[in-house]
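Engineer: Structure for the following, please:
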Amino acid sequence: MNAGITVQPEVDLAKTRNIGLAAHIDAGKTTTTERILFYTGRVHRMGEVDDGDATMDWMPEEMQRGITITSAATTCNWRSSRINIIDTPGHVDFTVEVERSLRVLDGLVLVICAVGGVQPQTETVWRQADKYDVPRVVFVNKMDRVGGDFHEVLHEMRTRLAGNFVATQIPMGSADKFEGVVDLIKMRSVRWLDELGTELEYAEIPAEYQNIAGKFREYLIVSLAEINPQLEEKFFDEQEPTEAEIVAALRAGTVSGILVPVLYGTALKNRGVQLLLDGIVDFLPSPVDVRSIQGKDPKTEQVVLRTADPDQPFSALVFKVVSDPFVGQLCYIRVYSGTVKKGKKVYNTTNGTSYRVGRILRMHANRREDVDEIWPGDIVGILGLDEIRTGDTLCDLNQRTVLEKIAFPEPVIAMAIEPRTAAAEDKLDEALRVLVIEDPTFTTRVNSETDQRIIAGMGELHLEIIKDRLLREFKVEANLGKPEVAYKETVTAQAVGEGRFVRQTGGRGQYGHVVLRMAPGVPGSGLTFDHDVKGGTISAEFIKAAGIGVREAMDSGSVGGYPVVDVAVTVFDGSSHEVDSSDLAFRIAAHEAFQDAYSKAQPVLLEPIMAVEVVTPEEHTGEVVHDLSRRGADIQQMRATPGQTRMIQALVPLANMFGYSTSLRNLTQGRGTYVMEPHGYQTTTESK
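Structural biologist: The predicted structure follows:
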């Protein structure tokens with residue numbers, strides 16, 4: 001695939017940046033992205049979220065609601081570097097978009113509101129970035145807002161996010177007096193002179209900021225000296241490091257995850273974004289700076305390493321699949337190694353299928369540019385790959401590897417759905433099939449008892465968006481039932497179960513006999529299946545079939561018909577017949593054995609618990625706390641926040657949170673806000 005003359009890509013890999021922008025909802029992330037596109041010349045007019053014309057919020061649902069729902073990719077250039085950008089949602093219902101984007105990105109810009117500070121989704125994104133070891137820079141936005149305090153935000157980041165945050169700038173003024181920043185690397189002031197922020201003035205640091213700038217500059221140098229021997233030596237010799245030395249040390253510290261540079265500005269007022277672009281180029285890694293991607297040989301299970309080298313075998317990860325109304329199914333991939341030209345074949349090691357690459361598209365939100373070849377570090381869309389899923393690995397036909405898949409959270413809320421007309425049933429089923437392929441946190445099933453279609457997702461907004469898309473994209477009108485909690489079941493004791501399936505039909509019969517042991521599993525493990533069969537009473541082939549039967553039995557528990565999770569099952573005995581035994585017989589026998597053991601293992605119902613964070617005016621704190629307690633909340637923390645408000649953090653059963661937005665509005669005269677995200681599952685009070 002890589003034979004022949006290797007043509008150089010148009011941009012050097014060392015000058016490529018694959019970054020994402022992420023934030024809590026309403027921190028100004030999409031507005032910041034719009035300014036980045038404007039200053040890099042990618043667009044000639046800045047779109048506004050409030051006006052519904054932001055470039056990256058192109059879906060009708062995003063324009064209508066003024067929020068980002070799906071991650072959007074684009075490419076721009078700054079200082080001869082190519083920056084591939086993914087703008088991600090801030091609403092917790094769409095956290096899957098952040099998860100799969102961080103899996104393929106090399107760097108992250110975390111946007112934090114100068115007034116709101118570290119908010120729940122900020123912490124969620126931080127944990128996701130930790131999970132994938134993604135280097136970060138922070139852009140503290142909205143410095144023009146009343147209540148913005150850069151000292152407080154910096155302190156809050158250090159205490160709540162547990163990172164080594166180092167200011168590379170300090171703001172000059174705040175609220176309506178925010179006039180610019182002091183660049184602590186070049187030790188000069190920067191002001192924006194026009195409304196579009198295109199005219200910058202560099203000058204001496206004003207006298208009133210020289211003292212504080214000196215203190216922050218010293219902290220910056222000390223932080224760098226602690227990780228850089230050359231700067232440490234200069235520091236002790238009282239020598240001033242050069243600008244190039246500071247930038248190089250900051251870059252090394254950021255790429256290694258030791259430091260997190262912090263920059264300031266206000267995207268809406270067009271101040272600070274050019275310096276953020278400089279920070280992206282100067283501090284965040286290129287594909288050649290990050291460690292090798294690790295995969296496995298699909299045959300030998302041996303570790304296979306791939307680096308950002310065009311001469312290595314091709315490897316890429318599918319991180320998103322969408323149904324495009326104009327071009328069909330489009331899959332987004334991140335290329336880790338090798339090159340591929342349009343028309344060449346690639347292999348999907350996840351499903352064992354080979355494809356011929358059709359069109360290759362460089363995306364700009366919902367607009368596309370055709371390219372003929374892809375290189376390491378590229379983030380592009382590809383057409384013509386059928387039956388492909390998020391997390392699949394594409395690789396060289398002859399040198400195969402399987403990259404680590406992406407793990408997604410389980411849905412926590414479910415609703416019944418039905419078409420408004422009987423004639424639309426097939427269209428609804430097909431539309432739901434497409435949406436399940438696109439969104440790994442969206443599931444659908446048919447209730448075997450009521451024959452209802454059930455859809456499940458991450459929240460009420462998530463499912464409401466699904467309903468909107470069914471009508472807009474698929475022309476299917478559907479009715480949604482009331483929200484239901486996505487309960488699960490598990491066991492709390494050990495038990496043994498036996499299943500026997502015997503059928504004689506005159507000819508060859510069916511015979512399967514399974515005895516298994518069941519025990520509580522590790523939380524989050526799903527199913528742990530093993531065998532301890534002595535004497536070959538059951539062959540390996542039939543043990544595998546028994547495992548399939550066990551998994552099928554877990555789809556519906558006996559407590560409430562909900563999926564069973566976190567059990568350990570060991571097949572340790574049974575018998576087989578040399579003529580009549582079959583895979584089907586052992587699947588049915590294992591299914592019965594599972595049900596037998598499950599009924600004896602003290603099954604319980606599990607309910608989703610939500611981490612809830614409420615911000616309320618101080619005078620309404622008592623009523624809000626009382627209402628949360630009435631809903632079974634476990635209050636974790638209360639603290640003062642800017643603007644004479646209180647933040648209340650609590651863990652609450654999801655079943656008790658339906659309709660909470662209306663209650664909170666009534667309790668706080670419309671001034672309270674809240675967000676919630678899945679925290680985990682615990683035994684319901686009815687089961688205790």
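Engineer: What are the buried residues along stretch 117-136?
Structural biologist: Using 16 or more other Cβ atoms under 10 Å as the test for burial, stretch 117-136 gives 117-126, 128-129, 134-136. From N, CA and C alone the C-beta is placed, and that goes for glycine too.
Engineer: likewise stretch 607-621?
Structural biologist: Of the residues in stretch 607-621, those with enough neighbours to count as buried (16+ other Cβ under 10 Å) are 607, 608, 609, 610, 611, 612, 613, 614, 615, 616, 620, 621.
Engineer: cool, and stretch 635-650?
Structural biologist: Within stretch 635-650, judged by 16+ other Cβ under 10 Å, the buried ones are 641, 642, 645, 646, 647, 648, 649, 650.
Engineer: Inside strands: which ones of those residues?
Structural biologist: 641, 645, 646, 647, 648, 649, 650 (DSSP state E).
Engineer: Dump those residues into CSV; add distance to residue 101 and pLDDT as well.
Structural biologist: Output for these, formatted as CSV (distance: Cβ to Cβ, whole Å; pLDDT from 0 to 100):
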residue, distance to residue 101, pLDDT
641, 29, 75
645, 31, 83
646, 33, 88
647, 27, 88
648, 30, 93
649, 26, 92
650, 29, 94
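Engineer: Between those, which sits nearest residue 586?
Structural biologist: Set against residue 586, the nearest of those by Cβ to Cβ is residue 650 (47.8 Å).
Engineer: which non-adjacent residue is nearest that closest one?
Structural biologist: residue 633 (4.1 Å; Cβ to Cβ, 6 or more residues apart in numbering).
Engineer: does that neighbour really touch residue 613, like I thought?
Structural biologist: No - at 11.6 Å, residue 633 does not count as touching residue 613 under the criterion of Cβ atoms under 8 Å.
Engineer: Now list whatever residues contact both of these two.
Structural biologist: residue 650 (Cβ atoms under 8 Å, 6 or more residues apart in numbering).
Engineer: which SS class is the most centrally placed residue in the chain?
Structural biologist: Centroid check for the chain by Cα atoms, centre = their mean gives residue 99 as the closest residue, at 1.4 Å. Per DSSP: H, G, I helix; E, B strand; the rest coil, the local secondary structure of residue 99 is helix.
Engineer: what does residue 568 give?
Structural biologist: Assignment for residue 568 (three-state DSSP): strand.
Engineer: Can you tell me what sits against the helix or strand where residue 122 lies?
Structural biologist: Element membership for residue 122 (DSSP states H and E) is helix 120-131. By Cβ under 8 Å, 6+ apart, the surrounding residues in contact with helix 120-131 are 22-25, 27, 90-92, 95, 98-99, 102, 108, 110, 112, 136, 160-161, 163, 611, 613, 675-677.
Engineer: now do 7 Å
Structural biologist: With Cβ atoms under 7 Å, 6 or more residues apart in numbering as the test, helix 120-131 has contacts from 22-25, 90, 92, 95, 98-99, 102, 108, 110, 112, 136, 160-161, 611, 613, 675, 677.
Engineer: With stretch 632-645 instead?
Structural biologist: With Cβ under 7 Å, 6+ apart as the criterion, stretch 632-645 contacts 115, 147, 149, 615-618, 625, 628, 646-653, 656.
Engineer: Go again with 6 Å.
Structural biologist: The contact list for stretch 632-645 (Cβ atoms under 6 Å, 6 or more residues apart in numbering) reads 115, 147, 615, 617-618, 647-653, 656.
Engineer: Of those residues, which pair is most distant in space?
Structural biologist: Of all pairs in those, the most separated under Cβ to Cβ is 147 and 653 at 33.4 Å.
Engineer: burial count for the closest residue to residue 405 other than its chain neighbours?
Structural biologist: Among residues not flanking residue 405 along the chain, residue 391 sits closest, at 3.9 Å (Cβ to Cβ, 6+ apart). Residue 391 has 20 neighbours, counted by other Cβ atoms under 10 Å.
Engineer: Is residue 391 part of a helix or strand, or is it coil?
Structural biologist: coil.
Engineer: what about the helices in the stretch 351-500 of the chain?
Structural biologist: Listed in chain order, the helices of the stretch 351-500 of the chain (DSSP state H, counting those that start in this stretch) span 425-438, 460-474.
Engineer: what angle separates the longest one from helix 425-438?
Structural biologist: This points to helix 460-474. 120 degrees (axes from the mean of the first three to the mean of the last three Cα atoms, to 10 degrees).
Engineer: buried residues in helix 460-474?
Structural biologist: Buried residues in helix 460-474 (16+ other Cβ under 10 Å): 460, 461, 462, 463, 464, 465, 466, 467, 468, 469, 470, 474.
Engineer: Tell me where the model's unsure across this protein.
Structural biologist: 1-11, 44-71, 90-93, 325-326, 365-366, 448-450, 505-507, 642-643, 685-688 (pLDDT under 70).
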